[in-house]
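Enquirer: Here's my sequence, what's the structure:
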Amino acid sequence: MPPAGVAAPATASPADMLPVDRHDPMMIEESLPDEPSPRSETITAAQRAGPGQVTVEEVEDIDAGGFPKRPWTGWVCDEWEVEGDLLDENGARQTEDVELWRRDPVECIQELLGNPVFKTFIRYAPEKLFGDQEGTERTRIYDEMWTADWWWDIQGVLPSGATVAPVILSSDKTQLSRFSGDKQAWPVYLSVGNISKSVRRQPSMRATILVGYIPVTKLECFSKGKRRSLEGYCLFHECMKAILEPLIKAGEVGVEMVCADGAIRRVHPILAAYVADHPEQCLISGCQENFCPKCSVHLSKLGEPIYSVMKDQTLVWDFIQEEARGEKSSEFKELGLRLIDPFWRNLPHCDIFSCITPDLLHQLHKGVFKDHTVSWATSCLEGGAKELDRRFKAMPSHPALRHFKRGISLVSQWTGTEYKQMEKVFVGAITGASDPDVIRAVRAVLDFLYYAHFKSHTDDSLRRMDAAWAAFHQHKHAFVREGVRDHFNIPKLHSALHYALSIRKLGTTDGYNTEHSERLHIDYAKRGYAASNKRAYIQQMAIWLNRQEAMEEEEAAAAMGDGTAQYVVAKNPGMRGVTVRQLIRDFGCTDFVRALEEYLRDASRRRSGELPVAARFVHSSTRFALYKRITVFLLPMRQVSRLPMKDVIRAMPAQSSRPLRPAVPPHFDTVLVREHPRAADSTNPLEGLRVARVRAILRLPLTYGEELTKDPVAFVEWFTPFRTQDVDSGMFPVSYSSRNHRRRVSIIPVTQIIRSLDTTWTSANVLDKCTKFYVSPYLRHHDFVLYRYLYDKHVS
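Expert: Numbering: from 1, shown residues only. Below you'll find the model as predicted:
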């Protein structure tokens, strides 16, 4: 087998597979003219200093017009000549020149750990968190990487006093050219698990560093088909070996580094996690794409809830060696392996198969949900895609919900945002028109997906996540019965079995989402390409990145305040002088006068016992000031966010069309209200909560007294209390509450409003004409924690 780089020797052993014919590396530095202008420079990147070398000097004095020297910004370019098996017109083997641009990962780690901006966000040792004072394992909390098992396991095999730097890699090929052309880049990013995941997720914090550009080449010098595909695998692993070579010695003996807190520690950088989509996961592990990149499950068992043994890195390398020697290893074929020299085989303390992390975007949102579950459920729906579109068109408006005005079948460009928006209402959309087993299977998929999104897990929530996936397998036969599927041997479906183990080993999935890599492409690839002249663009992108990093000013992390307001409204109401007659006619505030009198009497009884004089005579012409919307704050939840989250609630009547402005439909949002306090010993998270629909948000006149006008009030229509969940969808059915054949209404302080919510109905009519609703637990992750996780925990 001719290897990537040169033709194979006469006898190639596994130890010397894939030899590389490298020129001397090129160190790329920046050079400015002797007398630079304050904002201009000349980069002599094409100046040859020897065979295969380019030298550009650095200017250390930024005041003199140059850029400050940073020890980790030096780029190295390895030039390779790849010799293929195809012949040219002269009968010689065709060749391709490729360039690998890289920089030292150890120096990048040193920069990250020593950056004072991250001082308060860094941990240097593993921790264990528990949900009770006794510290029992059943209440253990998995959150950051330092709270999971991998760090504890590695710490135990290193010398006393050693500091672990868990290396997190990610790579993903991305398109650079727009509209036309096929220019691509293949960035490799690096971060460390010592830094909090909330900081790593913010591109502006620069807690993830670009360490290399893998060459993107079509390898047209090789025969099409399996040969060219195999050589692509070989080239990738050879490039990754060159990029990560400094980690071998550093991981074994450690490197002294000055950390952000000023202490000097002996740091052992060890590969802990690799973030990639499924095709790249298979590329990394060295297997075919229709196999599992992590475990040894047989190809025909991918669709079953079977936990197989994880692949062993040493054994896999043995199987590859046997195949290279021509011994035809049966395990090599059963595991779907490729004949490569993997980059990970010499990395200390590395288990590449455990390093591969869950991929929420491509595995769950796009793969399991959009590509499979939605397609199957649509085929099983009475009326098919046309009926599903009709139901999506009829969904109510909500600030946190995208309204698919044309349905979903006509959406041509799907992104992660569209997947998530569709998930919020999909169970409600198919309820009443699908087989109960189909609804339960879809519900199980969404439950698993929402559990997988938790930013903090316990053993209990992980068990419930696994139970949700088991429920899918219990009801998936409905798709077979409907003739939609005859098997479920799909790698992305199988990958769900590995989520709980990965979370226990490496922490929760929000620390390893491929959406972060997608966002980094903008800063580290697309903007650099746009600034280039589109020729030899990788070299220009590397230099452009050096300049951007040199010009960035270190920004301290914003302090998190404790005094978040309970609600926020506009300084002045947006609708003034609204009469009681208009409230009844345009806002639907039936029995407004009676509700106001009841509220004022009850409030006055609690305070002075007398109704304010100005409030004793309210008639149809009495005017009030109204707010169009109010923002409440969802309290921090360990599973969702450490910070409060905004939640907008609207109460606006319909607006007729005007020149250049179309008509605006009415928006009267449904909310969750604290009707009465929950008992101190109650474990029911829904006790005392009730659904209501906000018809108006009012500021009472100052003449009513300071106490009565301190907070705005809301006119609401009540729904029936929470009783039992729907057996199939798991959602709570509610309907309008009535008294003497009239809808039950009240005026309440806005401080009683907990959050907005989404109601999904069982008919396709408008909200005002429906008689039955379902409270969706999928609108936000906050809602899922409340209605599904905490309530199910209470019930069980």
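Enquirer: can you dump the C-alpha coordinates of stretch 680-697 into PDB?
Expert: The C-alpha trace of stretch 680-697 is given here as PDB (Å, rounded to 0.1, in the frame of the first residue of the first chain):
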ATOM      1  CA  ALA A 680     -43.100  23.600  53.100                       C
ATOM      2  CA  ASP A 681     -43.000  19.800  53.200                       C
ATOM      3  CA  SER A 682     -44.300  19.400  49.600                       C
ATOM      4  CA  THR A 683     -42.200  17.700  47.000                       C
ATOM      5  CA  ASN A 684     -44.600  18.600  44.100                       C
ATOM      6  CA  PRO A 685     -42.900  21.300  42.000                       C
ATOM      7  CA  LEU A 686     -46.300  22.300  40.500                       C
ATOM      8  CA  GLU A 687     -48.200  22.700  43.800                       C
ATOM      9  CA  GLY A 688     -49.600  26.200  44.000                       C
ATOM     10  CA  LEU A 689     -49.000  26.900  40.200                       C
ATOM     11  CA  ARG A 690     -51.700  27.500  37.700                       C
ATOM     12  CA  VAL A 691     -51.900  28.400  34.000                       C
ATOM     13  CA  ALA A 692     -53.400  31.800  33.100                       C
ATOM     14  CA  ARG A 693     -53.700  34.000  30.000                       C
ATOM     15  CA  VAL A 694     -52.600  37.600  30.300                       C
ATOM     16  CA  ARG A 695     -55.100  40.000  28.700                       C
ATOM     17  CA  ALA A 696     -53.700  43.300  29.900                       C
ATOM     18  CA  ILE A 697     -50.800  44.600  32.000                       C
END
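Enquirer: buried ones in that stretch?
Expert: For stretch 680-697, a neighbour-count test (16 or more other C-beta atoms under 10 Å) marks 685-686, 688-697 as buried. In short, each C-beta sits where N, CA and C put it, glycine included.
Enquirer: looking only at pLDDT, what's the mean for that stretch?
Expert: Mean pLDDT, stretch 680-697: 89.
Enquirer: The stretch 101-250 of the chain: strands as residue ranges?
Expert: 129-130, 140-142, 163-171, 174-175, 184-185, 187-192, 209-213 (DSSP state E, counting those that start in this stretch).
Enquirer: farthest pair in the buried residues of stretch 680-697?
Expert: Pro685 and Ala696 (28.7 Å; C-beta to C-beta).
Enquirer: circling back: wait, which of the strands of the stretch 101-250 of the chain is closest to Val632?
Expert: The closest of the strands of the stretch 101-250 of the chain to Val632 is strand 140-142. By C-beta to C-beta, the value is 27.4 Å.
Enquirer: from the chain's centre, how far out does the closest one sit?
Expert: Chain-centre distance of strand 140-142: 20 Å, with C-alpha atoms, centre = their mean, to the nearest Å.
Enquirer: All the helices of the stretch 351-500 of the chain, in order from the start?
Expert: Using DSSP state H, counting those that start in this stretch, the helices of the stretch 351-500 of the chain run over 352-355, 375-380, 384-393, 416-423, 426-430, 436-452, 459-475, 477-481, 491-494, 499-506.
Enquirer: For the first one, name the packing helices and strands.
Expert: The reference is to helix 352-355. Counting contacts by 3 or more C-beta pairs under 8 Å, 6 or more residues apart in numbering; DSSP states H and E, helix 352-355 packs against strand 264-275, helix 278-285.
Enquirer: and what of the third one?
Expert: Applying 3+ C-beta pairs under 8 Å, 6+ apart, one finds that helix 384-393 makes contact with helix 375-380, helix 426-430.
Enquirer: among the ones you listed, which is the most enclosed?
Expert: helix 426-430 (a mean of 25; mean count of other C-beta atoms under 10 Å).
Enquirer: Give me the contact list for that one.
Expert: Residues external to helix 426-430 that are found in contact with it (C-beta atoms under 8 Å, 6 or more residues apart in numbering): 374, 377, 381, 388, 391-392, 395, 438-439, 442-443, 446, 729-731, 760-761, 774, 776, 778.
Enquirer: What subset of those residues is buried?
Expert: Neighbour counting with 16+ other C-beta under 10 Å marks 374, 377, 381, 388, 391-392, 395, 438-439, 442-443, 446, 729-731, 760-761, 774, 776, 778 as buried within these.
Enquirer: Dump stretch 727-736 to CSV, restricted to CA.
Expert: Taking Å, rounded to 0.1, in the frame of the first residue of the first chain, the C-alpha atoms of stretch 727-736 are listed here in CSV:
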residue,chain,number,x,y,z
VAL,A,727,-50.6,9.1,29.0
ASP,A,728,-49.1,9.3,25.5
SER,A,729,-47.6,12.7,25.1
GLY,A,730,-46.8,13.2,28.8
MET,A,731,-48.1,16.8,28.7
PHE,A,732,-50.6,18.3,31.1
PRO,A,733,-54.1,18.9,29.6
VAL,A,734,-55.8,22.1,30.7
SER,A,735,-58.9,24.1,29.6
TYR,A,736,-60.4,27.5,30.4
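Enquirer: which SS state does Arg576 fall under?
Expert: Using DSSP: H, G, I helix; E, B strand; the rest coil, the structure places Arg576 in strand.
Enquirer: which element is the spatially closest residue to it that is not a sequence neighbour on?
Expert: Nearest non-adjacent residue to Arg576, counting by C-beta to C-beta, 6 or more residues apart in numbering: Ala625, 4.9 Å away. Per DSSP states H and E: Ala625 is located in strand 623-627.
Enquirer: ok now stretch 612-626, how far from the chain's centre?
Expert: Offset of stretch 612-626 from its chain centre (C-alpha atoms, centre = their mean): 50 Å.
Enquirer: What residues sit buried inside that stretch?
Expert: In stretch 612-626, counting by 16+ other C-beta under 10 Å, buried: 612, 615, 618, 622, 624-626.
Enquirer: Could you count how many residues lie near the nearest residue to Cys589 once chain neighbours are set aside?
Expert: Take Cys589 and drop its neighbours on the chain: the residue closest to it by C-beta to C-beta, 6+ apart is Leu583, 4.2 Å away. Applying other C-beta atoms under 10 Å, we find 25 residues neighbouring Leu583.
Enquirer: Can you tell me the SS state at Leu583?
Expert: Leu583 ends up helix, using three-state DSSP.
Enquirer: ditto for the one 10 residues further on
Expert: The local conformation at Val593, judged by three-state DSSP, is helix.
Enquirer: What separation do you get for it and Asp389?
Expert: 43 Å (C-beta to C-beta, to the nearest Å).
Enquirer: And the two? Which one has more around it.
Expert: Between Val593 and Asp389, Asp389 has the larger neighbour count (other C-beta under 10 Å), namely 19 against 15.
Enquirer: Look up how far Val425 lies from that one.
Expert: In this view, Asp389 and Val425 are 13 Å apart by C-beta to C-beta.
Enquirer: what do you get for Glu220?
Expert: 47 Å.
Enquirer: same check, this time on Lys224
Expert: 45 Å.
Enquirer: likewise Ile168?
Expert: Taking C-beta to C-beta, one finds Ile168 at 34 Å from Val425.
Enquirer: can you check Tyr599 too?
Expert: 34 Å.
Enquirer: Between those two, which is the more surrounded one?
Expert: A direct count of neighbours by other C-beta under 10 Å for Tyr599 and Val425 places Val425 higher, at 24 against 19.
Enquirer: For the more buried one, which phi and psi angles does the backbone take?
Expert: Note on Val425: backbone dihedrals following degrees, to the nearest 10 are phi -130, psi 10.
Enquirer: ok, back up a step: who touches the residue nearest to Arg576 in this structure?
Expert: 573, 575-578, 698-699.
Enquirer: Can I get the residues you listed in CSV including neighbour count and distance to Pro399?
Expert: CSV is the format used below for the contacts of Ala625 (neighbours: other C-beta atoms under 10 Å; distance: C-beta to C-beta, whole Å):
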residue, neighbour count, distance to Pro399
Pro573, 18, 19
Met575, 19, 18
Arg576, 11, 23
Gly577, 10, 26
Val578, 20, 22
Leu698, 24, 20
Arg699, 18, 21
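Enquirer: Can you report how many residues neighbour Val664?
Expert: So Val664, with other C-beta under 10 Å, has 13 neighbours.
Enquirer: And it, how close does it get to Gly407?
Expert: Val664 is 22 Å from Gly407, by C-beta to C-beta.
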